[in-house]
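[1] please find the sequence and the predicted model below.
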Amino acid sequence: MSTVLITGANRGLGLGFCQRYAEAGWQVIACCRNPEAADQLAELKQQYQQVQIYPLDVESFPEIDSLAAHLSHEKIDVLINNAGVYGDNKDRGFGQLDYQAWQQTLTINTMAPVKIAEAFFPQIKRSEKKLIVAISSLMGSIADNSSGGSLFYRSILFAIKNAH
Ligand SMILES: NC(=O)c1ccc[n+]([C@@H]2O[C@H](COP(=O)([O-])OP(=O)(O)OC[C@H]3O[C@@H](n4cnc5c(N)ncnc54)[C@H](OP(=O)(O)O)[C@@H]3O)[C@@H](O)[C@H]2O)c1
């Protein structure tokens, strides 16, 4: 059975990925900040036995390491770094930027995907597919940036693209 690990799995695109992979018969390692509040994920797990749910706040690098150690026996075919935040605050634009929030955004959207890839690399190497996916956005495109703004979100996605 093929295995996918998905971060930010409790809602939005992450939950959608979990649903599609579960339907396709994959083992799904669904990671989210607060499994106890992840009702839709819990429903999916009831429907598909091969769905496993683990707590993971990607901002916490020790948590990433400890989950990777806990799952050291696994083979991961596809790793989807989906968890992300917008980060920008429309009330604190240029002139009053919140650099702490920017740093947090960079940690979650830019460094964490690389840290997760590093931590789970042994499990990925064991598979044949060896696919590490980072979800980017059109907003990360320099060519497409005609509207400006969203400094935190655009900067992080640009950095993720460069990492590829
Ligand atoms: N939707 C779009 O149109 C679109 C377009 C381009 C790119 N994207 C990218 O696609 C990804 C998913 O987008 P989405 O629309 O599904 O976003 P979303 O609905 O806002 O969901 C974001 C997910 O990331 C999780 N998350 C945020 N910070 C986290 C952290 N520190 N640790 C673990 N999980 C964390 C959230 O968990 P909580 O529920 O705990 O907050 C949630 O599960 C993002 O990376 C986004 O930048 C989306």
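    Ah, there it is. Please read all numbers here as calculations on a predicted model, not as lab measurements.
[2] report the secondary structure state of the residue in the chain sticking out farthest from the centre.
    For the chain, the C-alpha lying farthest from the average C-alpha position belongs to Gly95; by C-alpha atoms, centre = their mean, that distance is 30.4 Å. Gly95 falls in the coil class when you classify it by DSSP: H, G, I helix; E, B strand; the rest coil.
[3] tell me the phi and psi of it?
    As for Gly95, its main-chain torsions (degrees, to the nearest 10) stand at phi 110, psi -30.
[4] spell out which residues of this structure are next to the ligand.
    Taking C-beta under 6 Å from any ligand atom, the part of the chain that reaches the ligand is made up of 7-8, 10-14, 32-34, 56-59, 82-85, 108, 135, 137. (C-beta placed from N, C-alpha, C; glycine too.)
[5] Produce a ChimeraX select command limited to the buried residues of those residues.
    To isolate the buried subset of the residues of the chain next to the ligand in ChimeraX, counting by 16 or more other C-beta atoms under 10 Å, use the following:
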select :7,8,10,14,32,33,56,57,58,59,82,83,84,85,108,135,137
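[6] Leu5 in helix, strand or coil?
    In three-state terms, and counting by three-state DSSP, Leu5 is strand.
[7] what's the burial count for it?
    If you count neighbours by other C-beta atoms under 10 Å, Leu5 ends up with 29.
[8] going forward, count from 736.
    Okay, using 736 as the starting number, the last item reads as Leu740.
[9] look up the closest residue to it, ignoring the ones flanking it.
    Ile764 (4.2 Å; C-beta to C-beta, 6 or more residues apart in numbering).
[10] tell me the secondary structure for the one you found?
    Per three-state DSSP, the secondary structure class of Ile764 is strand.
[11] residues of the helix or strand Ala777 falls within that come out buried?
    Assigning secondary structure by DSSP states H and E places Ala777 in helix 774-782. Within helix 774-782, the residues that qualify as buried by neighbour count (16+ other C-beta under 10 Å) are 776-777, 779-780.
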